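Colleague: Compute the structure for the input listed below.
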Amino acid sequence: MMQRRSFLALSAAAAGVTALTSRPARAQTAPNVARASSPGGLLTVEVTTDNDGRPMYSVIRQGRPVVTASKLGFLLTDAPAIERGLKLTAAQPVTFDETWEQPWGERRFIRNHYNEFRASFTETGALARRVDVVFRLYDDGLGFRYEVPEQAGLKTVRIGSELTEFNLAENGTAWWIPAWEWNREEYLYDRTAIDEVGSCQTPITVKGQSGLHVSIHEAACVDYAGMNLRRSEGTKFRSALTPGLTNAAVVREAPFNTPWRTLQISDTAAGLVDSSLILNLNEPNKLGDISWFKPMKYVGVWWEMHLELKSWNAGPKHGATTENTIKHIDFAAKHGLGGVLVEGWNKGWDGQWFANGSDFSFTEAYPDFDIEAVCAHARSKGVQLIGHHETGGNAFHYEQQLEPAMALYERLGVHSVKTGYVADAQGARVAAPDGSMVMAWHESQAMAQHHLRVVETGARHKVAVNAHEPFKDTGLRRTYPNMISREGARGMEYAAWGNPGNPPEHEPNLVFTRLLAGPMDYTPGIFGMETRSPGGVQTTWAKQLALYVVIYSPVVMAADLLVNYEANPGPFQFIKDVPCDWHETRVLNGEVGDFVTIARKDRNSDVWALGAITDENPRVLTAALDFLDDGRRYRAEIYRDGPNADYKGKREDIIIEQREVTSADTLTLALAPGGGQAIRFVPLGRGRRS
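Modeller: Okay, the predicted model is just below:
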């Protein structure tokens, strides 16, 4: 049940806000300034106009600048820019405090506590256009967005670009992936000085020379272009909206709101992961009860295609046959796994699907796949089939079949679907206003509209969506909780055929960058370490198990070939046992790109799980078990790197052992190069150890 405390109007002093004030002038008349602080007083935002009436903001944390004077505004394609000659007024601030419940997630209850104030900018000239900027200030970060009210002088708004800046106060280290490149988000992370970043995607994570960590991203991107960042000079970044179908990146009718521009701020890398800022800035659940979706682990007809043992297309190597799928269903049922993903079941894989996707049927199966029989068998075994809709990036074609495709899944009892948009950047296909098909970027406004249509259609038919090659995650799973997971980063398949594959630092990078946006379908659990990739899988077995705890998704794959699980029941036991829906999450330690340790409590029991991973360097970490219940004994089921474990050599060297622990204990975690450790804590009872 949601527990909620409504908005409370505060006095400016109580909210930590200074009403509109003036500063002493030096040479000219001083600009107006509005200030507000977060509930605990950690963060303060100043909003001002300069002597030309240009709107600007800055962010201060505990008296030290985080973001220095940064511009706000819009360049329009059919009207003068909204950037100067503006007068600032500020509304009385308010505070908000609630605790809301996720239907599934990395934590069950989330506190949403912020101070909000509205800065209104009105042109002093004849146009007299008005744009508001609303700030929500949390102790762990902030979000701000533009709100364009209904007005005579600004009806259809065609935005060429935003003038939004993030002028970081100090240099330091940045972890980022490039924008505008052909492979969408699927890049290894660069680690450079902040002032050496080029054009980048968000989230981008930086660590200043003072040690302060900041992640820049966006939240609640609805009917709007995705935001990238372009470093303009020094440590100053400017918003770079994804191009649209015309010279305008965004076309909206007033009134409307932009997405929130977000900054998560913490003294530690772990604090970034603990933040719920992105989710909190999204609207509450619009779907109501979605108990038809159950978080689960799954196997699938998938990895064998990446290894070229099977094929997506029809023929002698076709993977999605009735026989092969039933084998996977029986395996899932035997081992208590919830679902089976089947890729390549539907007609269309034999054509140029990567080039255009126009051959796909989303309701017709290949002759060797009896979808009715397969789904009936799955239901009889208590296993769900996971649907698959690869579009080849052709959203235009997919939408023509979207309703009957989702209706088919609803009839068959298929409650989740993996969608795919494999196409080069700017290679997506969408409908133009006149109904014709045109090319678009994956994170254009048109694709934001498309993904929401898919999610809303899925919700009507009780189908949850796991999107690959997606629009970036901006926390919309709070509003549409059938938007369960997505890819949006370089996944495990690169360990099958990538040249290079994923290096050991990749997962510790993901935790503090991409995963700050939301769940990722990373597909861990690989035991067959020699692949088509020259380096194979660059982890140990223990790290593969730890990824089930470290990388969160409510649907998580046991991705390897079934034969590898059957041959290795010891480590496979952890995959069978580990939960995938959580009551609580604790980040015990971590540094971006180096290592991380995360503990999570099962939503449906008192079991805890812990995962620790490292990069190419061996490490010895400590983990205090004070997250366990006081006075209670637990059986720690430990899966750790063996003495010879190494991602370059003895990757299969794993030790499986048990010991009794309590909340007073501290564990020493010895991680091999490219290694990890996975632990499951099972309650035994209360009292002293025997």
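Colleague: For the residue positioned nearest the centre of the chain, which non-adjacent residue is spatially closest?
Modeller: Centroid-nearest residue in the chain: residue 518, 2.5 Å away (criterion: CA atoms, centre = their mean). Nearest residue to residue 518 in three dimensions, chain neighbours excluded: residue 473, at 3.6 Å (CB to CB, 6 or more residues apart in numbering). Using the backbone N, CA and C atoms, a C-beta is placed for each residue, glycine as well.
Colleague: OK, contacts around that neighbour?
Modeller: Residues near residue 473 by CB atoms under 8 Å, 6 or more residues apart in numbering: 486, 488, 517-519.
Colleague: one more time with 7 Å, if that's ok
Modeller: By CB atoms under 7 Å, 6 or more residues apart in numbering, residue 473 lies in contact with 486, 488, 517-518.
Colleague: In strands, which of these appear?
Modeller: Counted as lying in strands by DSSP state E, out of those, are residue 486.
Colleague: now the contacts of residue 473 as TSV including pLDDT?
Modeller: Listed next are the contacts of residue 473 as TSV, based on pLDDT from 0 to 100:
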residue	pLDDT
486	98
488	98
517	98
518	98
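Colleague: which one of the contacts of residue 473 sits closest to residue 261?
Modeller: residue 517 (13.7 Å; CB to CB).
Colleague: Can you say which helix or strand has the spatially closest residue to the closest one that is not a sequence neighbour in it?
Modeller: Spatial nearest neighbour of residue 517, chain neighbours left out: residue 473 (4.1 Å); criterion: CB to CB, 6+ apart. Counting by DSSP states H and E, no helix or strand carries residue 473.
Colleague: For residue 473, give its distance to residue 286.
Modeller: Separation of residue 473 from residue 286 (CB to CB, to the nearest Å) stands at 17 Å.
Colleague: and residue 62, how many neighbours does it have?
Modeller: 11 (other CB atoms under 10 Å).
Colleague: Correct me if wrong: residue 139 contacts residue 40.
Modeller: Yes: the criterion here is CB atoms under 7 Å, and residue 139 meets it with residue 40 at 4.3 Å.
Colleague: Which strand in this structure has the most residues?
Modeller: Longest strand in the chain by number of residues (criterion: DSSP E): strand 109-123.
Colleague: List the buried residues in the next helix or strand after that one.
Modeller: Next in sequence after strand 109-123, counting helices and strands by DSSP H and E, comes strand 130-138. Buried positions in strand 130-138, judged by neighbour count with 16 or more other CB atoms under 10 Å: 130-138.
Colleague: any idea of the angle the longest strand of the chain forms with strand 130-138?
Modeller: In terms of direction (axes from the mean of the first three to the mean of the last three CA atoms, to 10 degrees), strand 109-123 departs from strand 130-138 by 150 degrees.
Colleague: for strand 109-123, which positions count as buried?
Modeller: 110, 112-123.
Colleague: now those as JSON lines including pLDDT?
Modeller: Converted to JSON lines, those look like this (pLDDT from 0 to 100):
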{"residue": "110", "pLDDT": "98"}
{"residue": "112", "pLDDT": "98"}
{"residue": "113", "pLDDT": "98"}
{"residue": "114", "pLDDT": "98"}
{"residue": "115", "pLDDT": "98"}
{"residue": "116", "pLDDT": "98"}
{"residue": "117", "pLDDT": "94"}
{"residue": "118", "pLDDT": "97"}
{"residue": "119", "pLDDT": "97"}
{"residue": "120", "pLDDT": "97"}
{"residue": "121", "pLDDT": "97"}
{"residue": "122", "pLDDT": "97"}
{"residue": "123", "pLDDT": "96"}
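Colleague: So which of these is the closest to residue 652?
Modeller: residue 110 (39.3 Å).
Colleague: OK, contacts around the closest one?
Modeller: Residue 110 neighbours (CB under 7 Å, 6+ apart): 99-100, 102, 276, 279-280.
Colleague: Same question for residue 226.
Modeller: Residue 226 makes contact with 242, 443, 471-472, according to CB under 7 Å, 6+ apart.
Colleague: Would you mind giving those as JSON lines with distance to residue 458, pLDDT and neighbour count added?
Modeller: Compiled in JSON lines, the contacts of residue 226 are given as follows (distance: CB to CB, whole Å; pLDDT from 0 to 100; neighbours: other CB atoms under 10 Å):
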{"residue": "242", "distance to residue 458": "24", "pLDDT": "98", "neighbour count": "27"}
{"residue": "443", "distance to residue 458": "20", "pLDDT": "98", "neighbour count": "28"}
{"residue": "471", "distance to residue 458": "15", "pLDDT": "98", "neighbour count": "24"}
{"residue": "472", "distance to residue 458": "19", "pLDDT": "98", "neighbour count": "25"}
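Colleague: Restricted to helices, list the residues you listed.
Modeller: Residues of the contacts of residue 226 located in helices (DSSP state H): none.
Colleague: could I get those as CSV with distance to residue 678?
Modeller: Shown next, in CSV, are the contacts of residue 226 (distance: CB to CB, whole Å):
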residue, distance to residue 678
242, 38
443, 34
471, 32
472, 29
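Colleague: Closest one of the residues you listed to residue 266?
Modeller: residue 472 (21.2 Å).
Colleague: residues in contact with the closest one?
Modeller: Taking CB under 7 Å, 6+ apart, one finds 185, 226, 443, 488, 517 in contact with residue 472.
Colleague: circling back to that earlier point, of all the buried residues of strand 130-138, which comes closest to residue 496?
Modeller: Closest to residue 496, out of all of the buried residues of strand 130-138 and judged by CB to CB, is residue 138, at 40.3 Å.
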